[in-house]
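Participant: structure for this input, please:
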Amino acid sequence: MKKKLNIGLVGYGFMGRTHTNGYKRANDFFELEHRPVLQAACGRDVAKTKAFADQWGWQSVESDWRRLVERDDIDAIDICTPNDSHAEIALECIKHGKMILCEKPLALNGEQGEKMVAAVEKSGLPNLVWYNYRFLPAVTLAKNIVAAELADECEVQLSYAIGVPEPLSIYANCDGTEKCDLAKLEKRLGEIMDLRPRGIRTHLGLNKPIYRKTAAYGHFGRKPEGDFFPWERTDLVNDLKAALA
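Facilitator: Here you go, the predicted structure:
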């Protein structure tokens, strides 16, 4: 039997609904050690929070996030509030030994963010910021383009249509820092990496998701270790250089 992971959600707006849907479907898509439990949802408007909880299946409601954080039946707090409250809620979670799942942007400024990071690293508590775009193939391609010294900075956009596995368009924006023909680069990207759903899952190892290793210290700037953090690899550099030579 899977272990329960009791979730406390702060904020029931669009992201609260999005995260709730993810918790409800996670075990349908992945083989996990834990089963997310929609233990409690929190919002300032009791009536609206209750309506949200009833619709989405949350077991209880709170109107004060502090009471939610103090509850013994909560393992992890999902912070889906405006970012001016992220630091206060996260730091209180640390005091009560709660895992933290925080929406982006993490904080109001770098100083506040550094304080949050220092506190959670000292605590050793599992934590993450919802940088979901970190797992997109476009991000991997952009990182490899910069690593191949084809540009100093790069943004890659891929467009898809339902039922069509290949991307309809591939667009690279290097903001004037490119050192190659952009049209040629865009054409070659789809040849260098299989950008169909199956190819993306295979290249980034998404069929065997990593949770424990990514539960602390974030997803960005990590050193690839075997099967861990495959999106940080720069294994396309030589192919890119050869294609654009």
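Participant: okay, buried residues for the host helix or strand of residue 170 please.
Facilitator: Assigned by DSSP states H and E, residue 170 belongs to strand 164-173. Within strand 164-173, the residues scored as buried using 16 or more other CB atoms under 10 Å are 167, 170, 172. All C-beta atoms are positioned from the backbone trio N, CA, C, and that covers glycine.
Participant: wait, doesn't the first one sit right on residue 195?
Facilitator: The one in question is residue 167. Yes: if you go by CB atoms under 8 Å, residue 167 and residue 195 touch, sitting 5.2 Å apart.
Participant: overlap in contacts, the two.
Facilitator: residue 158 (CB atoms under 8 Å, 6 or more residues apart in numbering).
Participant: residues in a beta bridge with residue 173, which ones?
Facilitator: residue 155 (DSSP bridges).
Participant: ok, then the element right after the longest helix seen in the chain?
Facilitator: In the chain, assigned by DSSP state H, the helix with the most residues is helix 14-29. Going down the chain from helix 14-29, the next helix or strand is strand 34-42, by DSSP H and E.
Participant: ok and the helix or strand following that following strand relative to helix 14-29, angle-wise?
Facilitator: Using DSSP H and E, the helix or strand that follows strand 34-42 in sequence is helix 46-56. Angle, helix 46-56 to helix 14-29, by axes from the mean of the first three to the mean of the last three CA atoms, to 10 degrees: 20 degrees.
Participant: give me the neighbour count for residue 129.
Facilitator: When neighbours are counted by other CB atoms under 10 Å, residue 129 registers 23.
Participant: ugh, typo on my part, it should be residue 27
Facilitator: 13.
Participant: that one: what's it in contact with?
Facilitator: Contacts of residue 27 by CB under 8 Å, 6+ apart are 2, 35-36.
Participant: just residue 140 next, same as before
Facilitator: 193, 203-204, 231, 233, 236.
Participant: what's the closest of those residues to residue 121?
Facilitator: residue 231 (22.0 Å; CB to CB).
Participant: surely that closest one meets residue 138?
Facilitator: No: assessed by CB under 8 Å, residue 231 is found out of contact with residue 138, at 10.7 Å.
Participant: rewinding a little: of the contacts of residue 140, select the buried ones using a PyMOL command.
Facilitator: Selection of buried members from those for PyMOL, criterion 16+ other CB under 10 Å:
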select buried, resi 193+203+204+231+233+236
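Participant: please flag which of the contacts of residue 140 sit within helices.
Facilitator: 203-204.
Participant: closest one of the contacts of residue 140 to residue 83?
Facilitator: After measuring these against residue 83 - CB to CB - the closest member comes out as residue 231, at 24.3 Å.
Participant: nothing else from me, thank you.
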